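Visitor: Sequence first, predicted model second:
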Amino acid sequence: ALEEAQKAIQQLFGKIKDIKDKAEKSEQMVKEITRDIKQLDHAKRHLTTSITTLNHLHMLAGGVDSLEAMTRRRQYGEVANLLQGVVNVLEHFNKYMGIPQIRQLAERVKAAQNELGQQILADFEEAFPSQGTKRPGGPSNVLRDACLVANVLDPRIKQEIIKKFIKQHLSEYLVLFQENQDVAWLDKIDRRYAWIKRQLVDYEEKYGRMFPQEWCMTERIAVEFCHVTRTELAKIMRTRAKEIEVKLLLFAIQRTTNFEGLLAKRFSGCTLMDGTVKKPEAPPPSTNPFLEDEAGTETDEIVIEKSDTDKVFHSKDISSGVYISVVFFHPLPLCCRSYRFDANALNAFLQPKKPKVPDNPFHGIVSKCFEPHLYVYIESQDKNLNELIDRFVADFKAQGPPKPNVDEGGAVLPSCADLFVYYKKCMVQCSQLSTGEPMIALTTIFQKYLREYAWKILSGNLPKTTSSSSGLTITSLLKEKEGSEVAKFTLEELCLICSILSTAEYCLATTQQLEDKLKEKVDASLVERINLTGEMDTFSIVISNSIQLLVQDLDAACDPALTAMSKMQWQNVEHVGDQSPYVTSVILHIKQNVPIIRDNLASTRKYFTQFCIKFANSFIPKFINHLFKCKPISMVGAEQLLLDTHSLKMVLLDLPSIGSQVVRKAPASYTRIVVKGMTRAEMILKVVMAPHEPPVVFVDNYIKLLADCSTDTFQKILDMKGLKRSEQSSMLELFRLRLPAPPSGVENSGSLSLSTPTPEQESSRIRKLEKLIKKRL
């Protein structure tokens, strides 16, 4: 079987070899058959190329001859089409430039192009002489065809034609508005723009069809006029800089921006984009603003409106939507009565907005020349703002503080609205004039008068505190009846402080929005230079000072009551009764002041919460210090003090909503402060009530309840219990011995603090204290 398999394999290999040999023979046979066909294909392709090249050569030779003949006869209409064809045919011979005859034809084409260029330029110079003779009345068909030829020639020919024509077209303008002419000054700037309007209308009527539409000659004339006008205006303003006034400058800028807006409506601005000219779509004749009736420009007139409060300089162009106004204030009385105003409009303006699209490509093409002189406008705004601040100060002094209006919380001074509305006008106006350095200068002016407003109007009108206590005595304090006046600040003064605080809070928020808006309007490269953080910090200081004044006033009103507490003979108290008169006095002052402050700070709840927290942080330590002055204290006296302390604690916990019909839960941060502070006072009294025998138990109980390892505090507790010096000495020695060891790494000192008790421990102590009070009662 193996031998048979091997034989079969050998036979298979033999058959495969025979097939391979036959395939090679077949391939060789096919090559011999197709050899002649390939030769014929190559011959056909070469013959076709030769015929095509000969045809092109014939066309080129004939075209060059015709081109030279038509050039001599100035047949530019036929030349325009022929020249383009000749140039296209010549491109096929670029690889044959080594042949002398081809090279000679290429040189003849180049010479014809040069001759055409010089000839066309000469024809335009003859038709539109730069000087000496008057310009012909209208265009010729020859020049129109010549422009078509210039499209095919070197681009420099076309640029030369455009340059000479525009220069000749604007030559009259340079003569009429020379620097020494009366019409060249800013007050007659309208005449410049009226002149170019007439010229453009005249051009479109006479020469509109002479130049190809893709040349955008009307736009080019307008753009060149803008460049020349900007240069001329800059020159004359440098020469007569001292004569520039704010009204005149704003008038010129307004008319110039109006003109730039008209250009944007009529033209696409394609000639401003790196010299690349795209063929624009032909606009309908009715959209040409230069063909509008002259009566339509009467809406551009400047008007001065006089009112009872100020002078407003308005300027508006209906077509472009550009509006410019500047307010010139004069000293008239301004009502300083505190009121609430709807600032939604101002805030809506100050909120960042998306930029308007599309932008005007002609913006600044002329008005850029006014930017170096905008210091006149900035100085004017500086002067106006200075007068405005002085007027605010004078009106406040003349009419006094605002009348109390408890029903309307969050009242702000009206001068705040006036200031930011004026800032809004200035910012809009300056952004229309320039978004560069003048905006930075205006921002500096804003910063200056924001600080002045904060110090002169807000801080300068805060009521001043007095050091005396109005001659109050303990007897009169204890006998004072409900409704008697003890607070240092009157109702009007409290309302004024709250009004100033609300105003400062509004200024703080609006200043942040003002900064965002300024950054939006200024150039991107200058954004980092706008920073109103310092001014916002100033308003924050005013807010802090206002809160501190309110705290000091209520705190000072409670001082006589605390002094009366420390002067009472607590060792002679025989029984525990209702709350003591000093507690009633403190509660009375709290009920008098806090509702007024809360109602006037209704729109700024966070600052009312700050007031409550600061008052608690001030009153509770002062109460504990006066508590230490109550010595000696009997057991019954300590129980009475414990009852008084609990009453004060309940009042303080209810302080944020005291006297209010709507009961709100006090903020957690405030509640923690009151509970921690008053619980300490209760623990002090509990330690005082505890027997001092045996001493070890008393000391351990003190350390456990108060968590205070200060020997000074322990000494005060002993003084309150009325112990003798000898007993105190032994107690102090025992106290030092029983003190827990300080943590490692902490040096020994006279005052050590134990860990703060947990909320569960505090809650447990409160429950124990309440049980103790109920038991005593």
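Guide: That came through fine. The shown structure was predicted, so the numbers you read here are calculated from the model rather than taken from an experiment.
Visitor: pLDDT (mean, whole number) over the lengthiest helix in the chain?
Guide: Among the elements of the chain assigned as helix by DSSP state H, the one spanning the most residues is helix 2-73. Averaging the model's pLDDT scores along helix 2-73 yields 85.
Visitor: Low-confidence stretches in the protein?
Guide: Regions of the chain meeting the criterion pLDDT under 70 cover residues 75-78, 80-81, 84, 129-140, 151, 273-359, 400-410, 465-487, 708, 741-777.
Visitor: From Ala638, how far out is the spatially most central residue of it?
Guide: Taking C-alpha atoms, centre = their mean as the criterion, Asp516 is the residue nearest the geometric centre of the chain, at 1.3 Å. Between Asp516 and Ala638 the distance is 60 Å, computed by C-beta to C-beta, to the nearest Å. In this view, the C-beta of every residue, glycine as well, is placed from N, C-alpha and C.
Visitor: Over to Gln661. Which of the three states is it?
Guide: Using DSSP: H, G, I helix; E, B strand; the rest coil, the structure places Gln661 in coil.
Visitor: Domains in this structure, by residue range?
Guide: Using the TED database, the domain parsing of the chain gives 1-153, 165-274, 373-463+489-552, 553-738.
Visitor: between the ones you listed, which gets nearest to Asn360?
Guide: Using C-beta to C-beta as the measure, domain 165-274 is the one of the domains of the chain that comes nearest Asn360, at 4.3 Å.
Visitor: Can you show me the strands along the protein?
Guide: Residue ranges of the strands in the chain, as given by DSSP state E, are 303-306, 310-316, 323-329.
Visitor: before we move on, the earlier item: JSON lines for the domains of the chain, including distance to Val366?
Guide: Shown next, in JSON lines, are the domains of the chain (distance: least, C-beta to C-beta, whole Å):
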{"stretch": "domain 1-153", "distance to Val366": "25"}
{"stretch": "domain 165-274", "distance to Val366": "5"}
{"stretch": "domain 373-463+489-552", "distance to Val366": "13"}
{"stretch": "domain 553-738", "distance to Val366": "48"}
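Visitor: I'd like to know which of these is closest to Ser367.
Guide: Among the domains of the chain, domain 165-274 comes nearest to Ser367, with 4.6 Å by C-beta to C-beta.
Visitor: Leu249: what's its closest spatial neighbour, skipping adjacent residues?
Guide: Spatial nearest neighbour of Leu249, chain neighbours left out: Val376 (5.6 Å); criterion: C-beta to C-beta, 6 or more residues apart in numbering.
Visitor: how far away is the one you found from Ile244?
Guide: Counting by C-beta to C-beta - Val376 and Ile244 are separated by 5 Å.
Visitor: do Leu734 as well
Guide: Counting by C-beta to C-beta, the separation of Leu734 from Ile244 is 89 Å.
Visitor: Leu641 too?
Guide: Per C-beta to C-beta, Leu641 is found 78 Å from Ile244.
Visitor: Give me the more crowded residue out of these two.
Guide: Neighbour tally, Leu641 and Ile244, criterion other C-beta atoms under 10 Å: the higher count belongs to Leu641, 27 against 17.
Visitor: So the more buried one sits against Ile684, correct?
Guide: No - at 9.3 Å, Leu641 does not count as touching Ile684 under the criterion of C-beta atoms under 8 Å.
Visitor: Now do the shared contacts for these two.
Guide: By the contact definition C-beta atoms under 8 Å, 6 or more residues apart in numbering, Leu641 and Ile684 are jointly contacted by Leu627.
Visitor: how far is stretch 111-127 from where the chain is centred?
Guide: Using C-alpha atoms, centre = their mean, to the nearest Å, the distance from the centre of stretch 111-127 to the centre of the chain it belongs to is 58 Å.
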